[in-house]
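>>> sequence unavailable; structure follows:
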């Protein structure tokens, strides 16, 4: 069997190269009705722009049909059609390559070169859980998901702030958010001295509020960085407080003293480490203006502040039919109560006090919240319909995904139990499976995995009658669903959600 990881990107690149110089024209087919006849298509309008009359030279068609190379999927046929140039892969061979090495496809490809260290800063975590607004909760969940995803791709990530409120770690654990707790405060003396030197003259300061050291002008820095940098043009003066200096000191220490590094030299050269770390401030839209001040003040007071600072601003969260004052803990309790109620309806009895179901209800509640909060692009407005009941039948909810995760667990447990009873043989080596028996496609594998699996599961009888002539087809289907399970579990891991084996 051929080895090496097949890739859609590698295959598309080779297909476009085979057509000759010009813009990319091929795309991967995803619509179920078209997948019956093709896997890739070069649309006719694009071919007409490339070749004039739209007639692809025979030598080019032959070159595409004989395509080979690292990561390129094996081609079965390539032929002109009314829609354009259609290409179909050797699907049994592709299934064998992919399903025979599922782990290689689930694991992200190693980066070509190490990227910059990423410092993820989520200011919302400086508050107590009871003060956490829904828009701030959204920022927290986005930051946690981003951290998990970056780490899965081999990036070095550090999280700030370390939470100090005594109740926050428990709430984050409840949400399956992995965030560090505080140990000790960073020293602010150096930043304080620099800030005092930058303060506006006393005659311009006037009477300052209690706890405010003075004001620092940021206007020049905004103009220096230019409008293209995305800073609010209204940024002018910044009130410097001891609390703000503590925030900057924690950011400064986190950026300079990376775990595993040797202690920084006292005579560090300015900008020596400034390009080694990228800071991503994940903030709610209400915090955006203040966070831009923090960004600019850090640059003004610290010559070694990271040169690259990005702001990931999460849009507002609106609640349909409820006041906008709902806090994050209240939102969790509401969803948890709905999960327990839905379970009572399904099972005919209240299981909320049953210790065997405590973890299940907790995971389902968090899955519901995370899928609601993360299913919309972070910058867009999010509308929550709190009155909606929790159900495994809806095709877009976290409970639906977890339900299908449990279905997979039940399926493989059913196979194991039948095998122990002697009804089915043990699973054969993957290399011996006949993948030509897989006649049904699992479309949109990563985008709509649960919907595709649910449809496939309802349409195809996986564990059939224990008859030897059906075992080959059963094992091929089970191996396909093993891959689905691996991808599903890996995706849930980026959300901090454990897979469930029952609901």
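It's in. Just so it is clear, the structure is predicted and the values come from calculations on it, not from any experiment.
>>> in the stretch 101-250 of the chain, which segments are predicted with low confidence?
109-113, 183-188, 195, 197-198, 200-207, 226-229 (pLDDT under 70).
>>> what segments of it are helices?
Ranges of helices within the stretch 101-250 of the chain are 102-106, 134-152, 168-174, 189-198, 202-205, 219-225, 242-256, based on DSSP state H, counting those that start in this stretch.
>>> dump those helices to CSV, plus mean neighbour count and distance to residue 233.
All C-beta spots, glycine's among them, are computed from the backbone N, C-alpha and C. Shown next, in CSV, are the helices of the stretch 101-250 of the chain (neighbours: other C-beta atoms under 10 Å; distance: least, C-beta to C-beta, whole Å):
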stretch, mean neighbour count, distance to residue 233
helix 102-106, 15, 46
helix 134-152, 22, 23
helix 168-174, 16, 35
helix 189-198, 15, 21
helix 202-205, 10, 21
helix 219-225, 14, 7
helix 242-256, 20, 22
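>>> what's the closest of those to residue 34?
helix 102-106 (23.2 Å; C-beta to C-beta).
>>> tell me which other helices or strands that closest one touches.
helix 468-493 (3 or more C-beta pairs under 8 Å, 6 or more residues apart in numbering; DSSP states H and E).
>>> angle of the helix it packs on against helix 134-152?
Put simply, helix 468-493 runs at 120 degrees to helix 134-152, going by axes from the mean of the first three to the mean of the last three C-alpha atoms, to 10 degrees.
>>> circling back: present the helices of the stretch 101-250 of the chain as CSV; the columns should include distance to residue 64.
CSV is the format used below for the helices of the stretch 101-250 of the chain (distance: least, C-beta to C-beta, whole Å):
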stretch, distance to residue 64
helix 102-106, 24
helix 134-152, 34
helix 168-174, 52
helix 189-198, 61
helix 202-205, 71
helix 219-225, 48
helix 242-256, 49
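>>> for residue 485, find the nearest of these.
Closest to residue 485 of these, according to C-beta to C-beta: helix 102-106, at 9.0 Å.
>>> can you pull the contacts of the residue nearest to residue 27 when sequence neighbours are not counted?
Once flanking residues are discounted, residue 27 sits nearest to residue 41: 6.2 Å by C-beta to C-beta, 6 or more residues apart in numbering. Residue 41 is in contact with 26, 27, 29, 34, 83, 84, 85, 86, 87, counting by C-beta atoms under 8 Å, 6 or more residues apart in numbering.
>>> repeat that for residue 494.
So residue 494 contacts 145, 148, 149, 152 (C-beta under 8 Å, 6+ apart).
>>> closest one of the contacts of residue 41 to residue 158?
The nearest member of the contacts of residue 41 to residue 158, counting by C-beta to C-beta, is residue 27 at 38.4 Å.
>>> scan the helices and strands of the chain for the one with the lowest mean pLDDT.
Lowest mean confidence among the helices and strands of the chain (mean pLDDT, DSSP states H and E): helix 202-205, at a mean of 50.
>>> closest one to residue 491 among the helices of the stretch 101-250 of the chain?
Of all the helices of the stretch 101-250 of the chain, helix 102-106 comes closest under C-beta to C-beta, at 9.4 Å.
>>> what sits against residue 282?
Counting by C-beta under 8 Å, 6+ apart, residue 282 touches 120, 121, 122, 139, 142, 143, 146, 312, 314.
>>> make a markdown table from those residues and add distance to residue 386 to it.
Formatted as a markdown table, those follow (distance: C-beta to C-beta, whole Å):
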| residue | distance to residue 386 |
| --- | --- |
| 120 | 29 |
| 121 | 30 |
| 122 | 24 |
| 139 | 20 |
| 142 | 20 |
| 143 | 24 |
| 146 | 26 |
| 312 | 26 |
| 314 | 19 |
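>>> let me know the closest of those to residue 160.
So of those, ranked by how close each gets to residue 160 (C-beta to C-beta), first place is residue 121, at 4.8 Å.
>>> so the closest one sits against residue 278, correct?
No - the pair residue 121 / residue 278 is not scored as a contact, 11.0 Å apart, by C-beta atoms under 8 Å.
>>> the two: who's more crowded?
Shown here are residue 121 and residue 278; by other C-beta atoms under 10 Å, residue 121 has more neighbours (26 against 18).
>>> pull the contacting residues for the more buried one.
Residue 121 sits in contact with 160, 161, 251, 279, 280, 281, 282, where contact means C-beta under 8 Å, 6+ apart.
>>> for those, which one is nearest residue 320?
Relative to residue 320, the closest of these is residue 282; by C-beta to C-beta it sits at 25.1 Å.
>>> enumerate the positions of whichever strand or helix holds the residue nearest to residue 27 that are buried.
Element membership of residue 41, judged by DSSP states H and E, is strand 40-43. Residues 40, 41, 42 are the ones in strand 40-43 that count as buried (16 or more other C-beta atoms under 10 Å).
>>> quick check: the closest residue to the first one other than its chain neighbours vs residue 11, distance?
Of all residues not flanking residue 40 in the chain, residue 87 sits nearest, at 4.3 Å (C-beta to C-beta, 6+ apart). Distance of residue 87 to residue 11, computed by C-beta to C-beta, to the nearest Å: 9 Å.
>>> what sits in contact with each of the two?
Common contacts of residue 87 and residue 11 (C-beta under 8 Å, 6+ apart): residue 40.
>>> the residue lying closest to residue 199 once chain neighbours are set aside: how many residues sit nearby?
Using C-beta to C-beta, 6+ apart and skipping the chain neighbours, the partner closest in space to residue 199 is residue 214 (3.5 Å). Look at residue 214: counted by other C-beta under 10 Å, it has 19 neighbours.
>>> so residue 214 touches residue 196, yeah?
Yes - in this structure, residue 214 is within contact of residue 196 by C-beta under 8 Å, at 7.4 Å.
>>> for the two, list the residues in contact with both.
In contact with both residue 214 and residue 196: no residue, using C-beta under 8 Å, 6+ apart.
>>> hey, where'd the strands end up in the stretch 51-200 of the chain?
75-81, 84-89, 117-121, 157-160 (DSSP state E, counting those that start in this stretch).
>>> tell me the strands beside the last one, with direction?
When pairs are called by DSSP bridges, strand 157-160 turns out to pair with strand 117-121 (parallel).
>>> swap in the first one?
Strand 75-81 sits in its sheet next to strand 84-89 (antiparallel), going by DSSP bridges.
>>> need the per-residue pLDDT for residue 396.
We have a pLDDT of 55 for residue 396.
>>> make that residue 282, sorry
94.
>>> now it. Nearest residue, chain neighbours left out?
Counting by C-beta to C-beta, 6+ apart, the residue nearest residue 282 is residue 143, at 4.1 Å.
>>> give the contact list for the one you found.
So residue 143 contacts 120, 122, 159, 282 (C-beta under 8 Å, 6+ apart).
>>> need these in CSV (columns: distance to residue 453).
Formatted as CSV, those follow (distance: C-beta to C-beta, whole Å):
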residue, distance to residue 453
120, 32
122, 33
159, 33
282, 31
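>>> closest one of the residues you listed to residue 218?
residue 282 (21.5 Å).
>>> so the closest one sits in a helix?
No - under DSSP: H, G, I helix; E, B strand; the rest coil, residue 282 falls outside any helix and is assigned strand.
>>> beta partners of it?
Note on residue 282: beta-bridge partners residue 312, judged by DSSP bridges.
>>> coming back round to it: mind checking which of the helices of the stretch 101-250 of the chain is nearest residue 340?
helix 168-174 (15.0 Å).
>>> quick one: the closest one to chain centroid distance?
21 Å (C-alpha atoms, centre = their mean, to the nearest Å).
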